[in-house]
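*Asks:* generate coordinates for the sequence data below:
(one chain, ligands or ions: 1)
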Amino acid sequence: MTVTVSTLQKLKDEHKKFATITAYDASFARIFDDAGIYAILIGDSLGMTIKGESSTLGVTIDEMAYHTRCVARGVSNALILADMPFMSYANTEDACRNAHKLMAAGANVVKLEGGSFLSDTIRTLVQNGIPVCGHLGLTPQSVNVFGGFKIQGRDDESRKRIVAECLAVEEAGASMLVIEGVPKDTGREVTEALRIPVIGIGAGNDTDGQILVMHDALGLTAGHTPKFARNFLAETGDVTLAVKKYISEVEQGIYPDDAHSYLK
Ligand code: KIV
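*Replies:* Here you go, the predicted structure:
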């Protein structure tokens with residue numbers, strides 16, 4: 001079954017949870033697709049996982065388009081999301097030109113980090129036939145503004161601001177939203193406030209969907225391992241079985257449990 005933005009919306013409407021994952025090449029994309037993953041994100045996390053850099057800031061639109069093309073060749077069913085890299089959507093014109101490169105490379109949806117300041121950009125992309133996934137919470141492209149990879153939405157004011165920004169992204173026309181690095185309660189509040197599907201990473205198990213960087217799901221992460229990461233490969237001994245276990249535990253609401261969530 002080909003997954004579209006409507007498929008994910010239907011899952012949310014029916015209160016069914018779904019799993020998504022990152023990939024950067026055709027081989028892993030094919031394995032994840034065959035295992036039944038709903039969506040594959042070509043994340044700008046490739047700055048760290050593929051290029052070995054310390055942040056996502058050095059990733060270019062041409063690198064994103066190259067990896068999107070690789071992943072698209074391995075996918076038959078999953079929805080393909082591609083990240084707009086740092087400073088590639090600083091104005092609406094750049095956003096349209098660069099989103100076009102990712103769509104031409106095989107993306108079905110582009111993902112942008114930020115809130116209400118992107119409203120005009122999101123509206124213009126959608127009007128031009130480009131579906132948008134928002135991304136709020138701990139947005140890695142703002143690491144220098146945050147002063148590090150810090151969990152967001154921990155106090156009342158910050159939680160309310162995040163919910164308001166998520167609503168602005170929905171209002172502008174986004175089809176879905178990733179919420180990253182927030183306490184479980186904030187993840188739940190965003191998910192309940194929004195009509196569109198909310199996909200969490202480090203946001204507890206009350207979100208509609210989950211996403212993991214494939215390296216975190218397969219125990220390949222170098223250096224710091226985030227609290228929500230879980231090595232499904234070590235538990236199963238096989239990449240296909242690992243991703244099937246991840247999918248099944250997300251769908252049942254077993255993963256992430258409280259040990260893999262930020263509780264405050
Ligand atoms: O770049 C990425 O892999 C991401 C996920 C962490 C959601 O944006």
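*Asks:* how about the residue of the chain found nearest the ligand: what's its closest non-neighbour residue?
*Replies:* Nearest residue of the chain to the ligand: residue 43, at 2.1 Å (C-beta to the nearest ligand atom). For glycine as for every other residue, the C-beta is placed from the backbone atoms N, C-alpha and C. Leaving aside its sequence neighbours, residue 43 sits nearest to residue 22 (C-beta to C-beta, 6 or more residues apart in numbering; 4.3 Å).
*Asks:* one more: residue 249?
*Replies:* Spatial nearest neighbour of residue 249, chain neighbours left out: residue 255 (3.7 Å); criterion: C-beta to C-beta, 6+ apart.
*Asks:* what secondary structure does the one you found sit in?
*Replies:* coil (DSSP: H, G, I helix; E, B strand; the rest coil).
*Asks:* again with residue 148
*Replies:* coil.
*Asks:* roughly how far does it sit from residue 48?
*Replies:* 15 Å (C-beta to C-beta, to the nearest Å).
*Asks:* higher neighbour count, these two?
*Replies:* Higher neighbour count among residue 148 and residue 48: residue 48, with 21 against 7, using other C-beta atoms under 10 Å.
*Asks:* what are the boundaries of the strands in the stretch 1-150 of the chain?
*Replies:* Here the stretch 1-150 of the chain has its strands, by DSSP state E, counting those that start in this stretch, at 18-22, 39-42, 79-83, 109-113, 132-137.
*Asks:* who in the stretch 151-264 of the chain is up against the ligand?
*Replies:* Counting by C-beta under 6 Å from any ligand atom, the residues of the stretch 151-264 of the chain lying close to the ligand are 178, 180, 201, 211, 213.
*Asks:* what would those residues look like in CSV with secondary structure and pLDDT?
*Replies:* Converted to CSV, these look like this (DSSP: H, G, I helix; E, B strand; the rest coil; pLDDT from 0 to 100):
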residue, secondary structure, pLDDT
178, strand, 98
180, strand, 98
201, strand, 98
211, strand, 98
213, coil, 98
